[in-house]
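Enquirer: Give me a model of this one.
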Amino acid sequence: ELEDQFIDRYDQYRITMKSIRDIEGSVQPSRDRKQKITDQIAYLKYKDPQSPKINVLEQELVRAEAESLVAEAQLSNITREKLKTAFNYQFDSVREHSEKIALIAG
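Expert: Coordinates of the predicted model:
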């Protein structure tokens, strides 16, 4: 029973950490889009520096960076909050488990 309680509390920690991973995954398409546009601009500047498509891509890059900036700020705030919660779960589970072991051993 003692181990089961510890495992349940520790699982809360793991679930919270996995939610951070999932949130980061949701921001990744925005990062990929921005990188793809940057690569296209670099390729066009190398291949055809006078291409009119460069200006269009640069404007698209500015929009993508603005979207990415908002997403990254939200990600940072959520990650900080969830990380704090996760470590509290972990610390509480270890502390509670240690106290119970001490009672049994004492």
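
Enquirer: now the helices: where do they sit in this structure?
Expert: Assigned by DSSP state H, the chain shows helices spanning 2-47, 53-105.

Enquirer: Would you reformat the ones you listed as CSV and include mean neighbour count and mean pLDDT?
Expert: All C-beta spots, glycine's among them, are computed from the backbone N, C-alpha and C. Shown next, in CSV, are those (neighbours: other C-beta atoms under 10 Å; pLDDT from 0 to 100):
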stretch, mean neighbour count, mean pLDDT
helix 2-47, 13, 91
helix 53-105, 13, 91
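
Enquirer: Please report how far the residue nearest to I54 when sequence neighbours are not counted lies from E99.
Expert: The shortest distance from I54 to any non-neighbouring residue, by C-beta to C-beta, 6 or more residues apart in numbering, is to L44 (5.2 Å). Distance of L44 to E99, given as C-beta to C-beta, to the nearest Å: 64 Å.

Enquirer: Spit out the contact partners of the spatially most central residue of the chain.
Expert: The centroid of the chain falls nearest to E24 when counting by C-alpha atoms, centre = their mean (3.0 Å). Contacts for E24 (C-beta atoms under 8 Å, 6 or more residues apart in numbering) come out as 75, 79.

Enquirer: Adjust the sequence numbering to begin at 4 for everything that follows.
Expert: Got it, the first residue is 4 from now on, which makes the last one we talked about E27.

Enquirer: how much space between it and Q77?
Expert: Taking C-beta to C-beta as the measure, E27 falls 11 Å from Q77.

Enquirer: repeat for P55
Expert: According to C-beta to C-beta, P55 and Q77 sit 35 Å apart.

Enquirer: and what of I104?
Expert: I104 sits 41 Å away from Q77, going by C-beta to C-beta.
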